[in-house]
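Visitor: Generate a structure from the sequence data that follows.
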Amino acid sequence: MEGAVSSKFAERLAVAVGEDSKDAGIAVEAVYRPGGGKVMPPSFPEGPYLLEPRWVDGEERRVVVLDQVPSQANRVEEALLAARDEGRIELPLFELRAATSRGPLRLTSLQFPHRYADAYLRDSTVDGERFDRSAPGRRLRQASMEDARPLYERDPGSLVFGAWDSHRQGRWPKFARVYASSIAGLDPKEGKRRGGRMDPSNLSGGIDDKANAEGDWAYEPGGARDFPREKRLSVIGHGNIAPSEVHGGVTISEARRSGWLSLAGLGRLRFGDAPPEAARLARACLAALALAGDRLAFGRPSVWLRSGCDLVRVSEELAFEQDGGGREPWDLTAADAIAAFHELRDKAAAAGVIMSADTIVLEPIRSLAQAIEYSLTKAAGEE
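Guide: Now for the predicted structure:
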């Protein structure tokens, strides 16, 4: 039964991205209630929270942004990486491996900030050869708006979530995201709280030098007010910190998630001289990949955004939005979306547009390895 659902959905996606499609996009609308009362939005120096008016159900409502589009994309990529590591989904992957004094470090193309265009790729080697001069690096550099096959083959996430090579010289194509999602809380009322720290021994005094905190620092007796801030015990984690007002979170009436997969955006992707049917199947495959990631990240009873921001799902609908305002709902699980992705990937490959499923292992160049080591072992915590 599960296979029948995924095959029907694969067929539906292939129709949706076709030349005569009446579909505009695929929307995911979800309603959540806060778990635990207040929620903690992301904070900003000038904010602390991002508050704005929006039209909600035909009415102007005040909202607080709980998760923006780039953050939601990262959550989907994180979910896809976890599913790949578990063997649930087959995807191509670049994997940077670095040996550090704290053990091995792993970074992948589903984690690189700029995806295929990231500096981690540029500053790595493949079998001892700088990435941009390696065979896979040269292949990625051939990606263009007229032929997205190099990215489809090696880093399809760049086509789904968007990427732009802004770190290399010259003009490089900008691939706009075709999938976007965000979460906002309605009717926010800002709260207050005071944060501090209580030392069980109520230590007081000062230190000679914060730089010696992990070695042999010298204790200097006295009260906290006898020392400048940079020499108080609190800077190395000892002593009390008096309560002070900090971000207090917000209460909301509910939260709304709005996800959108643009079929028009997929339609702009070109695949060189590939047959039209192969290009159509490749676009449908990318649509299935986006929805597989969406279901993996958000198709559960609750969503955890950050400490103090748990959301419990009240309702959700995934639907094809159609010309003239029609909606065609689908009940889609992560397993169905993954199976549809695999089916469409195989059909596109048979028609002439191939997506890999292997891992290309990278090593950082010496300078990048040094920067990684320093950031892990010596950089100040607040940085």
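Visitor: Can you show me the strands along the stretch 151-300 of the chain?
Guide: 163-164, 174-175, 179-186, 189-197, 206-207, 219-220, 241-251, 254-262 (DSSP state E, counting those that start in this stretch).
Visitor: Which residues belonging to stretch 308-320 are considered buried?
Guide: By 16 or more other CB atoms under 10 Å, the buried positions in stretch 308-320 come out as Cys309, Asp310, Leu311, Arg313, Glu316, Leu318, Phe320. C-beta coordinates here come from the backbone N, C-alpha and C atoms, glycine included.
Visitor: Quick check: which of the strands of the stretch 151-300 of the chain is buried the most?
Guide: strand 179-186 (a mean of 23; mean count of other CB atoms under 10 Å).
Visitor: List the pairing partners of it within its sheet, with orientation.
Guide: strand 59-67 (antiparallel), strand 254-262 (antiparallel) (DSSP bridges).
Visitor: mean confidence for the helix or strand Pro104 falls within?
Guide: In this assignment (DSSP states H and E), Pro104 forms part of strand 103-108. Mean pLDDT, strand 103-108: 96.
Visitor: how far out from the middle of the chain is that strand?
Guide: 18 Å (CA atoms, centre = their mean, to the nearest Å).
Visitor: quick check: mean pLDDT across the following helix or strand past it?
Guide: Scanning forward in sequence from strand 103-108 by DSSP H and E, the next helix or strand is helix 119-122. Averaging pLDDT along helix 119-122 yields 95.
Visitor: still on that earlier bit, okay if I get the strands paired with strand 179-186 as CSV plus distance to Asp187 and mean pLDDT?
Guide: Shown next, in CSV, are the strands paired with strand 179-186 (distance: least, CB to CB, whole Å; pLDDT from 0 to 100):
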stretch, distance to Asp187, mean pLDDT
strand 59-67, 6, 98
strand 254-262, 8, 98
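Visitor: show me where the stretch 151-300 of the chain has helices.
Guide: Applying DSSP state H, counting those that start in this stretch to the stretch 151-300 of the chain gives helices spanning 157-161, 263-267, 276-298.
Visitor: what about those, which gets the closest to Lys38?
Guide: Nearest to Lys38, of all those, is helix 276-298, at 21.5 Å by CB to CB.
Visitor: Only the buried residues of the closest one, if you could.
Guide: 278-298.
Visitor: Equivalent analysis for stretch 15-25, please.
Guide: Buried, per 16+ other CB under 10 Å, within stretch 15-25: Ala16, Val17, Gly18, Ser21, Asp23, Ala24, Gly25.
Visitor: Contact partners for the closest residue in space to Glu316 that isn't next to it in sequence?
Guide: Spatial nearest neighbour of Glu316, chain neighbours left out: Ala30 (4.0 Å); criterion: CB to CB, 6 or more residues apart in numbering. Shown in contact with Ala30 (CB atoms under 8 Å, 6 or more residues apart in numbering): Arg256, Arg257, Gly259, Phe298, Arg313, Ser315, Glu316, Glu317.
Visitor: Tabulate those residues (a markdown table), appending distance to Lys38.
Guide: Compiled in a markdown table, the contacts of Ala30 are given as follows (distance: CB to CB, whole Å):
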| residue | distance to Lys38 |
| --- | --- |
| Arg256 | 17 |
| Arg257 | 19 |
| Gly259 | 25 |
| Phe298 | 22 |
| Arg313 | 18 |
| Ser315 | 22 |
| Glu316 | 23 |
| Glu317 | 27 |
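Visitor: Please, which helix or strand holds the spatially most central residue of the chain?
Guide: Nearest to the mean C-alpha position of the chain, counting by CA atoms, centre = their mean, stands Asn74 at 0.2 Å. Element membership of Asn74, judged by DSSP H and E, is helix 69-85.
Visitor: same question, Arg12
Guide: Going by DSSP H and E, Arg12 is part of helix 2-16.
Visitor: tally of neighbours for the residue lying closest to Arg177 once chain neighbours are set aside?
Guide: Nearest residue to Arg177 in three dimensions, chain neighbours excluded: Gly162, at 3.3 Å (CB to CB, 6+ apart). For Gly162, the count of nearby residues is 20 (other CB atoms under 10 Å).
Visitor: Tell me the confidence at Gly162?
Guide: At Gly162, pLDDT is 97.
Visitor: Return the residues in contact with it.
Guide: Gly162 neighbours (CB under 8 Å, 6+ apart): Ala73, Arg115, Lys174, Phe175, Ala176, Arg177, Val178.
Visitor: What average pLDDT does stretch 357-365 get?
Guide: 98.
Visitor: Can you list the buried residues in it?
Guide: Ile360, Leu362, Glu363, Pro364.
Visitor: What of stretch 84-100?
Guide: Buried, per 16+ other CB under 10 Å, within stretch 84-100: Arg84, Ile89, Glu90, Leu91, Pro92, Leu93, Phe94, Leu96, Ala98.
Visitor: any idea how far Ala337 is from the second one?
Guide: It refers to Ile89. 9 Å (CB to CB, to the nearest Å).
Visitor: Mutual contacts of the two, please.
Guide: With CB under 8 Å, 6+ apart, Ile89 and Ala337 have common neighbours Ala292.
Visitor: per-domain residue ranges of this protein.
Guide: Listed domain ranges for the chain are 2-188+264-377, 199-239 (source: automatic domain parsing).
Visitor: Of those, give the one that comes closest to Thr251.
Guide: By CB to CB (comparing all of the domains of the chain), the closest turns out to be domain 2-188+264-377, at 5.6 Å.
Visitor: on that earlier part again, give me the distance between the host helix or strand of the residue nearest to Glu316 and the centre of its chain.
Guide: Using DSSP H and E, Ala30 maps to strand 23-35. Mean C-alpha position of strand 23-35 versus that of the full chain (CA atoms, centre = their mean) differs by 17 Å.
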